[in-house]
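Student: Next comes the sequence, and after it the predicted model I'd like to discuss.
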Amino acid sequence: MSTLTSHRRSPAAQPPTLRAKRLPKWMPPAIALGALLVAAAIVYGTGLGGPVLVVVVGGLLYLGGLYAAANAVEGQRAARNRTWSALIHSAFVLAVLPLASVVWTLLSRGAERLDADFFGTSMNNIGARDPNGGAYHAIVGTLEQVGIATLITVPIGILCAIYIVEYGRGRFAFAIRFFVDVMTGIPSIVSGLFVLAFWVLIVSPYFSSTGRPGFSGFAAALALSVLMLPTVVRSTEEMLRLVPAPLREGAYALGVPKWKTILRVVLPTALPGIVTGVMLAIARAAGETAPVLLVAGGGAAINLNPFENNQSSLALFVYQQAGDASRYAPARAWTAALTLVALVLVLTIAAKLLARRNRLGR
Amino acid sequence: MAKRIEAADVTAYYGGFKAIENINLTVEPKTVTALIGPSGCGKSTFLRSINRMHEVLPGARVEGSLTIDGQDIYDRDVDVTAVRRMIGMVFQRPNPFPTMSIFENVVAGLRLNGVRKKSILDEAAEKALRSANLWDEVKDRLGKPGAGLSGGQQQRLCIARTIAVEPQVVLMDEPCSALDPISTLAIEDLMFQLKDKFTIIIVTHNMQQAARVSDRTAFFSIEKTGDPGRLIEYDNTQKIFSNPSVKKTEDYITGRFG
Ligand SMILES: Nc1ncnc2c1ncn2[C@@H]1O[C@H](COP(=O)(O)OP(=O)(O)OP(=O)(O)O)[C@@H](O)[C@H]1O
Ligand SMILES: [Mg+2]
């Protein structure tokens, strides 16, 4: 009873039936159409702007009109509900529009060079007047660099998150969390400079066959690792914290040691979320240009060895081709951008499927 | 095989909050002991301190001594996992592992402790599920997720999971609160079977159940909110329910509490 009486209306004002008057189905679309027409009349009548303004003004008029109509027929609560739903749906459309536009632009402009040449050849010996040339070397570079960076960051990042959530107590864990947070904000160019100064100039001479410092895909992978690590740690940490304590206790109560509980109960439960976090990190790393340019140097030729000599990457390829004077370069840049997005998409879908295979169907 | 458990001056804290104080009681081997008392009086806390689950919570600690057949459970050299393997526990709320199937849930204790052989696991799973009165309901969908069962089925799954590792002491925190009368009877039957070999401690809010299944009953209570829970009376179940020596016990049992 108390829930009823504490309701804003007094019980006496409650409608006697459960059925209430509803706006007819055709009403909202009709209001939308009317709003658009009025908006068009206003905008073109005053000569203020074009179709975009019509949509904006029309949208506002629609919200107002919908509220007024619903308020008159259905009452205030329903009117609010309708207006907010309309607002939320428009927010969704606003969020999807740029995405759809990006995908459309990539597809329409990238289609031109979507041929075997593009995926089978490099830019070696391609002059300004050559219409062909491809991104094979860049695709190889991206795959190797991001692959190595993932191999480095995923184990370290997940272990680090496990330490913070399951074992870390006191100052040390706090310090690690703090530095991970700081790392999240490192600009990619700084990470590139760090690897340039530390790895390329100081360490790499000891590993190279010539004994001289040199660029390499591996150096780029290191720079990408610096960028990926904080993302992996933080997302894994959040996911591990979401695993309910009673699950851990259930395993402990069976006499299962803590490390095994983490490995066999906690991690599998958090796995889908962890995978999402890792994929976000990978997507970010795959799109980085500056560090690759700084420490891998780029290059036009195919170099399958990530540990020696220059390598390119898709992002870097896009950057270079987009700035190239050749009239054939922009098409190559678009196709490379399309390839990059497709690559990340395919990886993400594959990872999600893999993570789901471990879960049981309902 | 069965173990005697002795608690001496057991006091447990959650951070700065003292939840139970100076609990002294001895649980005889091959008996069922019921813990009863009003909500919040520390029954779960005491139960969890018996298999060292209490200390899992951050800031929680136990003082006093708890021994099992004379061995101090809280001794520095004691391996916690060995204690928990010996003293199994069914929790107040069902907590099946969400990533595991029904079968995997039941044999989780065995598997995670290194048993690999399929035939052993199959046999143990069927036996445990039958004892928990769940076999008939799930035998055709052992590969389905454990979290897809009803609340009461999940609770029986957790009971099966606990007894599958054959602990020598079984702690049950209100195991039947989500069960229908038939399953409740089945679990009570299970307790009768288990007590042939093992020691059982059960928390229950159901007086009839305490009277039916237990040999000894411990009544816990608190003075007022915020006070630590204390053991008010501990005696043979018959005595507690027919002729308790403390007035407070009688009030609680006859429903004149508070
Ligand atoms: N995780 C916790 N942190 C802090 N205090 C807690 C925690 N768990 C329980 N307590 C407190 O300890 C006291 C005893 O709780 P406990 O769970 O042992 O009660 P109980 O007798 O099992 O009650 P119920 O019959 O409702 O299950 C209560 O006052 C409770 O608020
Ligand atoms: Mg309890």
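Tutor: Cool, the structure landed. Ligands and ions are numbered 1, 2, ... in the order given.

Student: how would you label B:L231: helix, strand or coil?
Tutor: strand (DSSP: H, G, I helix; E, B strand; the rest coil).

Student: and what of the one 3 residues further on?
Tutor: Of the three states, B:Y234 takes strand under three-state DSSP.

Student: residue contacts, it?
Tutor: The contact partners of B:Y234, taken as CB atoms under 8 Å, 6 or more residues apart in numbering or on different chains, are B:L25, B:R216, B:T217, B:A218, B:F219. To be clear about C-beta, it is placed using only N, CA and C from the backbone, and glycine gets the same treatment.

Student: run the last query once more with 10 Å
Tutor: The contact partners of B:Y234, by CB atoms under 10 Å, 6 or more residues apart in numbering or on different chains, come to B:23-27, B:33, B:35, B:216-220, B:240, B:249.

Student: measure the closest residue to A:L304 other than its chain neighbours to A:F317 for me?
Tutor: Excluding the flanking residues, the one nearest A:L304 by CB to CB, 6 or more residues apart in numbering or on different chains is A:V140, at 6.2 Å. Counting by CB to CB, to the nearest Å, the gap from A:V140 to A:F317 is 11 Å.

Student: just to revisit the earlier point, which element is the residue nearest to A:L304 on?
Tutor: Assessed by DSSP states H and E, A:V140 sits inside helix A:136-162.

Student: Which strands and helices lie in contact with that helix?
Tutor: Judged by 3 or more CB pairs under 10 Å, 6 or more residues apart in numbering or on different chains; DSSP states H and E, the packing partners of helix A:136-162 are helix A:116-120, helix A:170-184, helix A:217-242, helix A:267-286, helix A:290-295, helix A:314-322, helix A:329-358.

Student: Report the angle between the last one and helix A:267-286.
Tutor: Per axes from the mean of the first three to the mean of the last three CA atoms, to 10 degrees, the angle that helix A:329-358 makes with helix A:267-286 is 180 degrees.

Student: on that earlier part again, could you double-check that the residue nearest to A:L304 sits in contact with A:A296?
Tutor: No - counting by CB atoms under 10 Å, A:V140 stays clear of A:A296, with 11.8 Å between them.

Student: Quickly list what's touching both of those two.
Tutor: Common contacts of A:V140 and A:A296, defined by CB under 10 Å, 6+ apart, comprise A:G217, A:N303, A:P306, A:Q311, A:S312, A:S313.

Student: Run a quick neighbour tally on the residue of the stretch 201-350 of chain A found nearest ligand 2.
Tutor: Across the stretch 201-350 of chain A, the shortest distance to ligand 2 (CB to the ion) belongs to A:P246, at 12.8 Å. Using other CB atoms under 10 Å in any protein chain shown, A:P246 is surrounded by 14 other residues.

Student: Spatially nearest residue to it (excluding sequence neighbours)?
Tutor: B:N95 (4.1 Å).

Student: Flag every residue of chain B that's near ligand 2.
Tutor: Proximity of chain B to ligand 2 (CB under 5 Å from the ion) is limited to residues B:S44, B:Q92.

Student: go on, chain A?
Tutor: For chain A, the contact set with ligand 2 under CB under 5 Å from the ion is empty.

Student: SS state for the closest residue to ligand 2 within the stretch 51-200 of chain B?
Tutor: Nearest residue of the stretch 51-200 of chain B to ligand 2, counting by CB to the ion: B:Q92, 5.0 Å away. Three-state assignment for B:Q92 (three-state DSSP): coil.

Student: list the contacts for it?
Tutor: A:246, B:43-44, B:47-48, B:155, B:172-175, B:177-178, B:203.

Student: Give me the phi and psi angles of it.
Tutor: phi -60, psi -40 (degrees, to the nearest 10).

Student: returning to that earlier point: more crowded one of A:V140 and A:A296?
Tutor: When A:V140 and A:A296 are compared for neighbours, A:A296 comes out ahead with 30 against 20, by other CB under 10 Å.

Student: Look at the residue nearest to the more buried one when sequence neighbours are not counted and report its pLDDT.
Tutor: Excluding the flanking residues, the one nearest A:A296 by CB to CB, 6+ apart is A:A220, at 3.9 Å. For A:A220, the pLDDT comes out at 95.

Student: right, and A:A220 touches A:L143 too?
Tutor: No - under the criterion of CB under 10 Å, A:A220 lies out of contact with A:L143, with a separation of 12.0 Å.

Student: Find residues that contact each of those two.
Tutor: A:P306, A:S313.

Student: Which one's more surrounded, the two?
Tutor: A:A220 (37 against 17).

Student: B:L35 looks like it's in a strand, true?
Tutor: Yes - using three-state DSSP, the assignment for B:L35 is a strand.

Student: A:Y328: what's it in contact with?
Tutor: Neighbouring residues of A:Y328 by CB under 10 Å, 6+ apart: A:E112, A:R113, A:I126, A:G127, A:A128, A:R129, A:D130, A:P131, A:N132, A:G133, A:Q321.

Student: quick revisit: buried ones only from the contacts of B:Q92, please, as a PyMOL command.
Tutor: Filtering the contacts of B:Q92 down to the buried ones (16 or more other CB atoms under 10 Å in any protein chain shown) takes a single PyMOL command:
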select buried, chain B and resi 43+44+47+48+155+172+173+174+175+177+178+203
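
Student: out of the contacts of B:Q92, what pair is the most spread apart?
Tutor: By the measure CB to CB, B:R48 and B:A178 form the most distant pair in those, at 19.1 Å.

Student: could you check the distance from A:S101 over to A:L107?
Tutor: Counting by CB to CB, the gap from A:S101 to A:L107 is 11 Å.

Student: Also B:A12?
Tutor: For B:A12, the distance to A:L107 equals 64 Å [CB to CB].

Student: the more surrounded of those two?
Tutor: B:A12 (24 against 14).

Student: The more buried one belongs to a strand, doesn't it?
Tutor: Yes - assigned with three-state DSSP, B:A12 falls within a strand.

Student: between the helix or strand harbouring the residue of the stretch 201-350 of chain A closest to ligand 2 and helix A:267-286, how big is the angle?
Tutor: Assigned by DSSP H and E, A:P246 belongs to helix A:245-252. Between helix A:245-252 and helix A:267-286, the angle comes out at 120 degrees (the same axes, to 10 degrees).
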